[in-house]
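Q: Generate a structure from the sequence data that follows.
(chains A and B)
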Amino acid sequence: MNGSGAAVVFDQVSKAFGPNQVLRNVSFSVPTGQALCILGRSGTGKSVTLKLLMALIQPDQGSILVDGDDITRLNPAGISKARRKVGFLFQDAALFDSLTLYDNLALPLRRLTSKTEAEIDFAIEDVLSHVGLAGDKHKLPASLSGGMRKRAGLARALVLEPKVLLADEPSSGLDRITASEIDELLLRQKHEKGMTVLVVTHDVHGARRVGDQFAVLHKGNLIAHGTASEVENCGDETARKLISEDYPA
Amino acid sequence: MSSLIEFVGKVSSFGARVILDGLRAPFEGSAILHQIAEVGSRSLPLIVPAGFALGTVMTFHTRNTLMTFGAGAMIPTVQALAFFVEIGPLVAGLLLAGRVGSGIGAVLANMRVTEQIDAIESLSIDSFKLLVVPRVLACVVALPLLTLFMDFSGLLGGYLAELASSGVSFTLYIRRAFEDLQWANFIAPTLKTAVFGFIIGTVSSYFGYTTNMGSAGVGRAATNSVVVSSLIVIVADVILVKCIFFAFPESAL
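A: Numbering: from 1, shown residues only, chains lettered A, B, ... in the order given. I've put the predicted structure just below:
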């Protein structure tokens, strides 16, 4: 697969959990600074794709390149280094519930950078104001609303200034206005920071707003990949339904 | 049988990783101190009253028997030997398994289920070193200290029970309690609780850290942490007592 100029390359990747084949020879690439939205029915391997990109699980075969590094061939130290290029917004934000929002963001900065406390404070203020949570830094995750938790999760994903941002169902469980605000934040990462963004979502409206490209997974296979119009006209009924804004939710 | 062998292998490998990662920089000093404080503050309110009550009850039971044989003066000695050699270390270990082991299992399992452990890994932070190693080391350090509290509160309970029965003075009670107690009766059994702490911390962390059963796994991890670590502590006690007798023959009563 031609990956020149691509921030992310998935090449012939397969993954099974026991007898359950989750991904079969899936290949796609995402050019630097573009957004790819991965669509598909539940249980088709979308979240697994993101976890493979984060090297949280290893593929059975195939290679995965993130910013030029083949993360399937790296040792633990190399994987740790490669992960610093990637920010991950988890589906339920996965904030550390015993730490305040400030400490959630300070944890990676204190451990992985040589910033002083003043610099850490500045970086956290900056990223929290970016996601609209500047006044909430001393709150515990349990006291945040669903939308605020997503914003906080996004802030933590951005705090190390990654080159690639992965978002797993960023709008799930949110009302349309809050979901739209999260989409807007993802768009800002792409436009203002030139970040490459991969979003797994069921929200077609949000996906069409954020995505430059779309990949449709079905039963572990990549059945369509391209722009919205290319996917709509790919001839596969499932792909057409999944990307159609008119299809009932 | 094969699943038992598989389990033993996995827990042993998990424990070996705790040791290796514990010796490898960066050292999680603040996390370890925080966990020691957590373990201590959670367990002390349980350990001290339990030791006191156990000491009192034990004196109630042994007093009649020893008085029958005209050995009433031996009550403090028996009390001290029983507590320092066996009751204190074992009961402190079992209480820690119940109080702290279940907490470690539940917390880590909840972090696994809610993807907090994945989130730590995604931030290029070694979740094992951050979450597991400090908890195990905290149990290793805290349990011998908690055992001392158990021993002395048991002795205090025994003294108060004896005071109520015979009006013995505190000085005489303490002198009799310690006159036949050798260092080997005190040091080795207290230090063996560091092994109990390692077992409790490792087994509990194993069940929590490796759970893969969703929210149902949280409860199961908490239960398994208590049951399995308690069982292994009791079995390990038998082996360690034999080892102590081998290393310190004079401590064999």
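
Q: got the buried residues for the helix ranked longest in chain A?
A: Ranked by number of residues, the top helix in chain A under DSSP state H is helix A:176-193. By neighbour count, and taking 16 or more other CB atoms under 10 Å in any protein chain shown as the criterion, the buried residues in helix A:176-193 are A:Thr178, A:Ala179, A:Ser180, A:Glu181, A:Ile182, A:Asp183, A:Leu185, A:Leu186, A:Leu187, A:Gln189, A:Lys190. Where you see a C-beta, it was placed from the backbone N, CA and C, and this is true even at glycine.

Q: how about CSV for these, with pLDDT and distance to chain B added?
A: Rendered in CSV, the data for the buried residues of helix A:176-193 read as follows (pLDDT from 0 to 100; distance: CB to the nearest CB, whole Å):
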residue, pLDDT, distance to chain B
A:Thr178, 84, 21
A:Ala179, 85, 20
A:Ser180, 88, 24
A:Glu181, 86, 22
A:Ile182, 88, 18
A:Asp183, 89, 22
A:Leu185, 88, 18
A:Leu186, 89, 17
A:Leu187, 89, 22
A:Gln189, 88, 16
A:Lys190, 89, 20
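
Q: Could you look up the SS state of the residue most central in space within chain B?
A: In chain B, the C-alpha nearest the mean C-alpha coordinate belongs to B:Gly93, at 2.4 Å (CA atoms, centre = their mean). Using DSSP: H, G, I helix; E, B strand; the rest coil, the structure places B:Gly93 in helix.

Q: And the average pLDDT for the longest helix anywhere in chain B is what?
A: Determined from DSSP H, the single longest helix within chain B is helix B:29-68. Per-residue confidence for helix B:29-68 averages out to 91 on the pLDDT scale.

Q: which SSE is the closest residue to A:Leu74 other than its chain neighbours in?
A: Residue nearest to A:Leu74 in three dimensions, not counting chain neighbours: A:Ala82, with 6.1 Å by CB to CB, 6 or more residues apart in numbering or on different chains. When secondary structure is defined by DSSP states H and E, A:Ala82 falls within helix A:76-83.

Q: so what does the helix-or-strand element of chain A with minimal mean pLDDT touch, helix or strand wise?
A: In chain A, no helix or strand scores lower on mean pLDDT, DSSP states H and E than helix A:237-243, which sits at a mean of 85. Helices and strands in packing contact with helix A:237-243 are listed as strand A:35-40, helix A:204-210, strand A:213-218, strand A:221-226, helix A:228-232; criterion 3 or more CB pairs under 8 Å, 6 or more residues apart in numbering or on different chains; DSSP states H and E.

Q: Nearest to chain B among the ones you listed would be which one?
A: Comparing those by their distance to chain B (CB to the nearest CB), the top pick is strand A:35-40, with 17.5 Å.

Q: tell me the angle of the closest one relative to strand A:221-226?
A: 140 degrees (axes from the mean of the first three to the mean of the last three CA atoms, to 10 degrees).

Q: so strand A:35-40 versus strand A:213-218, what angle?
A: If you take the same axes, to 10 degrees, strand A:35-40 sits at 20 degrees to strand A:213-218.

Q: what does the helix or strand just after strand A:35-40 rub up against?
A: Past strand A:35-40, heading to the C-terminal end, the next element that is a helix or strand (DSSP H and E) is helix A:46-53. Judged by CB atoms under 8 Å, 6 or more residues apart in numbering or on different chains, the contacts made with helix A:46-53 from elsewhere in the structure are A:8, A:10, A:13, A:15, A:22-23, A:26, A:38-40, A:57-59, A:64, A:66, A:71, A:86, A:88, A:91, A:164, A:166, A:168-169, A:198, A:200, A:217, B:118.

Q: In the stretch 151-253 of chain B, what residue comes closest to chain A?
A: Closest to chain A within the stretch 151-253 of chain B is B:Asn212: 10.1 Å, counting by CB to the nearest CB.

Q: and that residue, how far is that from A:Arg176?
A: 34 Å (CB to CB, to the nearest Å).

Q: So which residues on chain A come close to chain B?
A: Those residues of chain A that sit near chain B, judged by CB under 8 Å from any CB of the partner chain, are A:51, A:54, A:56, A:80-81, A:83-84, A:86-88, A:90-92, A:94-97, A:107-108, A:111-112, A:156, A:160.

Q: Are any of these buried, and if so which?
A: For those, buried by 16+ other CB under 10 Å: A:51, A:54, A:56, A:80, A:83-84, A:86-88, A:90-92, A:94-96, A:107-108, A:112, A:156, A:160.
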